[in-house]
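Chemist: let's see this in three dimensions:
(one chain, ligands or ions: 1)
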Amino acid sequence: MSYPIPIIETRGTHYQVGQQIGIAARDALRAMYAESLAEYGDKWKPLLALSKPFLDKTIEHFPKVVQELQGCAAGVGIPFDDLFLMSVEELLYEEVRGETSPHPSPWKGEGERERKKGCSDLAAAPPATRDGHVWLAHNNDLGKSAYDYLFVTRFRAEGEPEILAVTVGGIFISVGLNNAGIALTGNQLNANDSRVGVPRLLLVRDILAQRNLESALASALHNERASSYNNIISSSDGRIVNVEGSATSAALTWSEEHGGTLAHTNHYLAENMLPFESDHQNIATSATRCERAFDYANKYHGSIDYEICARFVRDHVYEPWSVCKHAGQSVTVFSTLIDLTEQKMWLARGNPCQNEFAPYALT
Ligand SMILES: [Zn+2]
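Modeler: Predicted structure coming up:
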């Protein structure tokens, strides 16, 4: 069958898996690389220097993730250091400035890069679901160009569970699940304490390599993290934890404390995390989507299933700041529904109100 988002199949050592991705996604990664060089221009070189301490931390704590990136760079035919920098959102979004490095900041007070990431999530476990399954619904909002670089990558790396993940450029994971029963969805956050460390985008790769909720949670809270997404970690045993993190702090919310449901978008919700918010002007456009996620969690408690999740991701209330997002810096470039109990994922490319869902499964 043909899939709306193409699948990349991999198997082998981490280096081999990366190399297979690099070859399969070569055109997309070269285009992303060219876009980055064009966007940053003269700033790219100083950013490369600033990314070195991030690389050192990642090599120290997650050598396999680095090996996979090295294989990928070789497969694409671009310098490894450049591919690594493409993963350091903390630098690309200017969250970490020059002070932590002997190199001067390349920005000199200019406006920061537009933050083009947004996402809306509803997560449900028993007793909130109709069928007793664990259901996840996630809309991924990115800059429009990301639409062309989407893949579903099946990671079959030695010593790890099989991972099926939606990726940008084949290598940079957005959401996914593994055959040990762990899923990761979640949202971009904008924090004011980002620092040199393991890039949050690469931590995601390690979270999905874990075989149980506890180790996935430990990975998300790794004490050398440069920053954090809002990571929603779900287990097929019926537990879901929302990790609303920053580099130096985190708030955990468990689904069982909320009748089985969790909802989140792109701003901090936990009281102890509010001081870390750095993007106050965009809270309003995140809060509308968040309110709808909570509306669904409450209104459909006990009956959440595929149909309710599909309705949620197509929701247009509060347009243009709706869950199914058509306007603004970021638009919905893909939509995901996951039945973690059955280890199945459905994906729609583009806005889910205009595009059908297609099933993807672990082998
Ligand atoms: Zn729509």
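
Chemist: output the below-cut-off pLDDT ranges for the stretch 1-150 of the chain.
Modeler: Scanning the stretch 1-150 of the chain for pLDDT under 70 picks out the ranges 1, 97-116.

Chemist: would you list every one of the helices in it?
Modeler: 14-24, 26-40, 44-61, 63-76, 80-85, 89-92 (DSSP state H, counting those that start in this stretch).

Chemist: with mean neighbour count added, can I get the ones you listed in JSON lines?
Modeler: C-betas here are computed from N, CA, C, even on glycine. Output for the helices of the stretch 1-150 of the chain, formatted as JSON lines (neighbours: other C-beta atoms under 10 Å):
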{"stretch": "helix 14-24", "mean neighbour count": "23"}
{"stretch": "helix 26-40", "mean neighbour count": "16"}
{"stretch": "helix 44-61", "mean neighbour count": "18"}
{"stretch": "helix 63-76", "mean neighbour count": "22"}
{"stretch": "helix 80-85", "mean neighbour count": "20"}
{"stretch": "helix 89-92", "mean neighbour count": "24"}
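
Chemist: skipping adjacent residues, who's closest to Arg314 in space?
Modeler: Cys353 (4.5 Å; C-beta to C-beta, 6 or more residues apart in numbering).

Chemist: close to the ion: what parts of the stretch 251-363 of the chain are there?
Modeler: 324, 351, 353 (C-beta under 5 Å from the ion).

Chemist: by proximity to the ion, which residue of the stretch 101-250 of the chain wins?
Modeler: Of all residues in the stretch 101-250 of the chain, Asn139 sits closest to the ion, with a separation of 9.4 Å (C-beta to the ion).

Chemist: what number of residues lie near that residue?
Modeler: Here the number of neighbours of Asn139 (other C-beta atoms under 10 Å) works out to 29.

Chemist: residue ranges with poor pLDDT in the stretch 251-363 of the chain?
Modeler: Looking at the stretch 251-363 of the chain by pLDDT under 70, you get an empty list.

Chemist: by neighbours, which of the residues of the stretch 251-363 of the chain next to the ion wins?
Modeler: Ranking those using other C-beta under 10 Å puts Cys324 first, with 23 neighbours.

Chemist: go ahead and confirm that residue touches Asn351.
Modeler: Yes - look at Cys324 against Asn351 with C-beta atoms under 8 Å: they come within range, at 5.5 Å.

Chemist: residue contacts, the residue of the stretch 201-350 of the chain found nearest the ion?
Modeler: With C-beta to the ion, the shortest gap between the stretch 201-350 of the chain and the ion falls at Cys324, namely 3.3 Å. Cys324 makes contact with 139, 313-316, 332, 335, 351-353, according to C-beta atoms under 8 Å, 6 or more residues apart in numbering.

Chemist: that older thread, residues in a beta bridge with the residue of the stretch 101-250 of the chain closest to the ion, which ones?
Modeler: On the basis of DSSP bridges, Asn139 is bridged to Ser120, Ser335.

Chemist: distance check, it against Asp315.
Modeler: From Asn139 over to Asp315 the distance is 9 Å, taken as C-beta to C-beta, to the nearest Å.

Chemist: what of Lys45?
Modeler: 44 Å.

Chemist: and what of Asp141?
Modeler: 13 Å.

Chemist: who's more crowded, those two?
Modeler: Taking other C-beta under 10 Å, Asp141 and Asp315 do not tie; Asp141 has more neighbours (27 against 21).

Chemist: can I assume that one is in contact with Gly118?
Modeler: Yes - taking contacts as C-beta under 8 Å, Asp141 lies within contact range of Gly118: 3.7 Å.

Chemist: any common contacting residues for these two?
Modeler: 325, 330.

Chemist: so where do the helices sit in the stretch 251-363 of the chain?
Modeler: With DSSP H, counting those that start in this stretch as the criterion, the stretch 251-363 of the chain has helices spanning 283-299, 306-313.

Chemist: hey, which of those is tucked in deepest?
Modeler: helix 306-313 (a mean of 20; mean count of other C-beta atoms under 10 Å).

Chemist: packing partners for it?
Modeler: If you count contacts as 3 or more C-beta pairs under 8 Å, 6 or more residues apart in numbering; DSSP states H and E, helix 306-313 packs onto strand 118-124, strand 135-142, helix 283-299, strand 331-339.

Chemist: and with 10 Å instead?
Modeler: Under the contact criterion of 3 or more C-beta pairs under 10 Å, 6 or more residues apart in numbering; DSSP states H and E, helix 306-313 touches strand 118-124, strand 135-142, helix 283-299, strand 331-339, strand 344-349.

Chemist: phi, psi of the residue positioned nearest the centre of the chain?
Modeler: The centroid of the chain falls nearest to Ser174 when counting by C-alpha atoms, centre = their mean (3.4 Å). The phi/psi pair for Ser174 (degrees, to the nearest 10) reads phi -100, psi -60.

Chemist: ok, Ala218 next?
Modeler: Dihedral angles (degrees, to the nearest 10) for Ala218: phi -60, psi -40.

Chemist: the residue nearest to Arg314 and His326 touch, don't they?
Modeler: Yes - if you go by C-beta atoms under 10 Å, Cys353 and His326 touch, sitting 8.5 Å apart.
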